[in-house]
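**Q** how does the following fold in three dimensions:
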Amino acid sequence: MENRLSKEEEALGVELKDAPPMDASPATEEYSNILERKNMSKREFYWLWAGVLIQALCLSFEACLTQGISVYVAAFFNATSLTAVLPTILAVLATALVPFYTKVADVFGRAGSLTYAFTSYLVGLIIEGSAQSFLQLGIGQIFYGMGLTGIQALSQVVIADTTSLLHRGIMFAMYDMGNVANIWVAQALIDPITLGGAKDKWRMAYVAMGCVSGFGALSLLIPLWYVQRSLKRRKVAQPPRRTLRWLATEFDIPGAILILLALSLTLLPLVLARRAAKNWQSPTIIGLFCSGIIFFVLLFVWEAKFAKRPIMSFKIWTNRTAFGSLMIMFLLKVLGNVVWQYLTQYFIVSRDITTGQAYLLVRGFQMAWLVFQLVAGLLMRKFKKARLLVWIGLFVYVLGVGLMIPARNQNASTFLVVISQTIAGAGGGMAHLACSVLVTGVVHKKDVATVVGASQILVSFGSAVGNAAAGGIWTQYLPSRLRLRVTGPYDMNRAMNDPLKYIKFLEPVTKQQVIDAYSDSQWFMSIMGLVVAALTLMCAALLQHVDLEQDQDTQDRIALGENVTETEDEKVVVKN
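**A** Presented below is the predicted three-dimensional model:
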């Protein structure tokens, strides 16, 4: 046997991966907080996953109901004009917290990090529900946003920890499927909460959401703490001594500060520019944005050259498949915010329909996205292909976005509107899910939390960029179309900022001209969306094949740059 293997080794020019002796002590293995499925019993795994799905269902119910009553709550405090700005700014700031959460999860464990996130999240709901002013409501939203960011990021980390590549797509999709039901459940509750009775009846909604969310938190945290402690007891390797120097190295404090400054200074101007007197001509806005770019350069240099434990591993950005997948997810989010930012009010104005009817027209995209994520997960499980699903999804997505251009005409049929959005949602959901699996399949298990954090950051960054682009079209392009189209007297400020109450009462000819200007803006947004959709195809060209059947050990060796081949009797590792 030794002679035959030696000949094989000499012929192939490879190094055999020797199995450790049966009595070898694993005491030197590195301690890890990763929750590997192979180390759990079936009971522990199913208990943990039941908690993940219950928590996801409760979280989506709270999110849908909060979104539905947010305008009414702001009106209660006479602060309707602030409702659009505050959540966006909070989302921008929360983006900077993702690397902290993923790093804390690697150092102290998933259970401790999620416990902190749920505590902040529930404290935020309590403050919001008992708020006596809009300032108090805003403080509550800060705590809420900090907690929600951690829950969303770390839940994805737990899914990636405990599932194989072959099943990961299905589990990612199952986590989001609660939205399919909760969209309609929450809608049925909004009118009873906001109509009739006491004006502050909305506070009872926060009580209900707090109870539901607390139940969801316990459903996940109890099995998560149990499993994490159980795995810790079974490990021979012991956690390192946590000195201040060790913590400073593990947390990459300089990198954390740089990424916080870079993200905040780059993203905040995208939101604030629309409110600035001179928009992007304001020296303050330009200065903030340029400062953010400088800090991104400093972050790149620090992480690549000096950081011992980078908060954003440089290996992620140099891997073709990881980089291509992350860019596709980023561009899909940019496109979504550009195309759908002002779509609801356009439908209300151009078709003389109610808010509820317009809501249903717009929701076709989200419903298709969620359903076809699950379809993509099942297809990956059956055919063991991920890259092919990305290509199929993106081509379908481009087709749907292309159909949106004629669908934005005010005379387009309702069928064309619905089918274009359904096609785009189906393709986008498939591509996004397949990219989520690919990006976690080409990195070492130690980097899974980091790469999940990177995807969360890019999705939030894409949302801010898309919002800024849509806002720029709305504030710059729409006025020019109004001046070109409208010949009669009208109030441009009200036509842009109070369209639902103002446009419907205009003289018929002027009303039609204003609607034509709105249609021009929507057409321009759709053209921009088609260009962005085409860019996703260029990113897809970077993707490489990933074997969804490979086990975690093989996956990790490939991520470290080793080729894995099979002989008749042994597994052989070829070092690049």
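**Q** which of the three states applies to residue 139?
**A** helix (DSSP: H, G, I helix; E, B strand; the rest coil).
**Q** number of residues surrounding the residue nearest to it when sequence neighbours are not counted?
**A** Excluding the flanking residues, the one nearest residue 139 by Cβ to Cβ, 6 or more residues apart in numbering is residue 127, at 6.0 Å. Using the backbone N, CA and C atoms, a C-beta is placed for each residue, glycine as well. When neighbours are counted by other Cβ atoms under 10 Å, residue 127 registers 19.
**Q** just residue 519 next, same as before
**A** Residue 519, neighbours per other Cβ under 10 Å, totals 20.
**Q** where do the strands of the stretch 451-576 of the chain begin and end?
**A** 562-566, 571-575 (DSSP state E, counting those that start in this stretch).
**Q** rank these by pLDDT, which is bottom?
**A** Note on the strands of the stretch 451-576 of the chain: lowest mean pLDDT is at strand 571-575, with a mean of 39.
**Q** break this protein into its domains for me.
**A** Domain segmentation of the chain under automatic domain parsing yields 33-233, 313-545.
**Q** would you turn those domains into CSV with mean pLDDT?
**A** Shown next, in CSV, are the domains of the chain (pLDDT from 0 to 100):
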stretch, mean pLDDT
domain 33-233, 83
domain 313-545, 86
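**Q** who wins for proximity to residue 304 among the ones you listed?
**A** Closest of those to residue 304 is domain 313-545, at 5.1 Å (criterion: Cβ to Cβ).
**Q** measure that closest one end to end?
**A** 22 Å (Cα to Cα, to the nearest Å).
**Q** how far does stretch 314-332 sit from the chain's center?
**A** How far stretch 314-332 lies from its chain's middle: 14 Å, per Cα atoms, centre = their mean, to the nearest Å.
**Q** now render the domains of the chain as JSON lines, adding distance to residue 266.
**A** Shown next, in JSON lines, are those (distance: least, Cβ to Cβ, whole Å):
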{"stretch": "domain 33-233", "distance to residue 266": "9"}
{"stretch": "domain 313-545", "distance to residue 266": "8"}
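**Q** residue 262: which of the ones you listed is closest?
**A** Nearest to residue 262, of these and by Cβ to Cβ, is domain 33-233 at 8.5 Å.
**Q** end to end, how far does that closest one reach?
**A** Termini of domain 33-233 sit 12 Å apart (Cα to Cα).
**Q** the helix or strand hosting residue 212 - contacts with which helices or strands?
**A** Residue 212 is located in helix 202-234, with elements delineated by DSSP states H and E. Packing partners of helix 202-234 (3 or more Cβ pairs under 8 Å, 6 or more residues apart in numbering; DSSP states H and E): helix 42-76, helix 110-129, helix 178-194.
**Q** how much does it deviate in direction from helix 42-76?
**A** Orientation of helix 202-234 against helix 42-76 (axes from the mean of the first three to the mean of the last three Cα atoms, to 10 degrees) gives an angle of 150 degrees.
**Q** do I have it right that residue 105 meets residue 115?
**A** No. If you go by Cβ atoms under 8 Å, residue 105 and residue 115 don't touch, sitting 11.1 Å apart.
**Q** please say which of the two ends up with more neighbours.
**A** Taking neighbours as other Cβ under 10 Å, residue 105 and residue 115 compare with residue 105 leading, 27 against 18.
**Q** not counting sequence-adjacent ones, nearest residue to that one?
**A** Residue 105 sits nearest to residue 113 (Cβ to Cβ, 6+ apart), 4.2 Å away.
**Q** please report how far that neighbour lies from residue 288.
**A** Distance from residue 113 to residue 288, counting by Cβ to Cβ, to the nearest Å: 30 Å.
**Q** I'm done for today, thanks for sticking with me.
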